[in-house]
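Asks: Sharing a model prediction with you, sequence too.
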Amino acid sequence: MPFIPREHGPAARKVPASKAFDVFGKINSDIRAMNSSILILSQKLKYIVRNEKILGRNILVLNKKLRDAELSGGGSGGVSSEEFSQIRNEIANLSNTVSKQSEAISELQVGVQQIKDTFAKSEDVLEMKYVVDTIKPLEFVTRKDVMQLMGTETEKKAKPKK
């Protein structure tokens, strides 16, 4: 059964087109908000990656100092056992920080990927808007309207003409 536009027929009712635009306006603003949130998350992710690289370099430098201190054997130019233990503690702290940063990065990457997979892109919404604007589903006749039209048609046919 083909769709009959509402503007043709006695039971025609106009549905304001502004409702459709309001819905798309709200969807569009939600998408903009999500896009800005994604951009903020990606910037934070970049900072975390940069900090992780810096911490990694610091660990390498401290490890080199530690090896040099171990090789020198704590002589007059070497490092005392107190400094040696402080360096070990600092390396352990940095290592823990790097591992925590790595976990945070992986969690953020998963979250950003979920957002990208879950929500529609603005191009997709614009395409849906175009399709809805072209089809204009608010102007179609409902089943109830068709039944009323058919009921009035059968009543007219059933009445004999004089």
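Replies: Cool, got the structure.
Asks: If you count neighbours, what's buried in the helix or strand containing residue 89?
Replies: Assigned by DSSP states H and E, residue 89 belongs to helix 81-118. Within helix 81-118, the residues that qualify as buried are 84, 87, 91, 94, 98, 101, 105, 108, 112, counting by 16 or more other C-beta atoms under 10 Å. All C-beta atoms are positioned from the backbone trio N, CA, C, and that covers glycine.
Asks: what does stretch 56-65 give?
Replies: 59, 62.
Asks: Give me the contacts around it.
Replies: The contact list for stretch 56-65 (C-beta atoms under 8 Å, 6 or more residues apart in numbering) reads 79, 87, 90, 91, 94, 95, 98.
Asks: Tabulate those in a markdown table, adding columns for pLDDT and distance to residue 66.
Replies: Putting these into a markdown table (pLDDT from 0 to 100; distance: C-beta to C-beta, whole Å) gives the following:
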| residue | pLDDT | distance to residue 66 |
| --- | --- | --- |
| 79 | 61 | 8 |
| 87 | 84 | 6 |
| 90 | 88 | 10 |
| 91 | 87 | 7 |
| 94 | 88 | 12 |
| 95 | 88 | 12 |
| 98 | 89 | 16 |
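Asks: Show me which of those is closest to residue 159.
Replies: Nearest to residue 159 among those: residue 98, at 88.5 Å, using C-beta to C-beta.
Asks: Report whether the expected contact of that closest one with residue 53 is present.
Replies: No: shown here, residue 98 and residue 53 do not form a contact pair, counting by C-beta atoms under 8 Å, at 9.7 Å.
Asks: what about the longest helix seen in the chain, distance to the chain center?
Replies: Using DSSP state H, we find that the single longest helix of the chain is helix 18-72. Offset of helix 18-72 from its chain centre (C-alpha atoms, centre = their mean, to the nearest Å): 15 Å.
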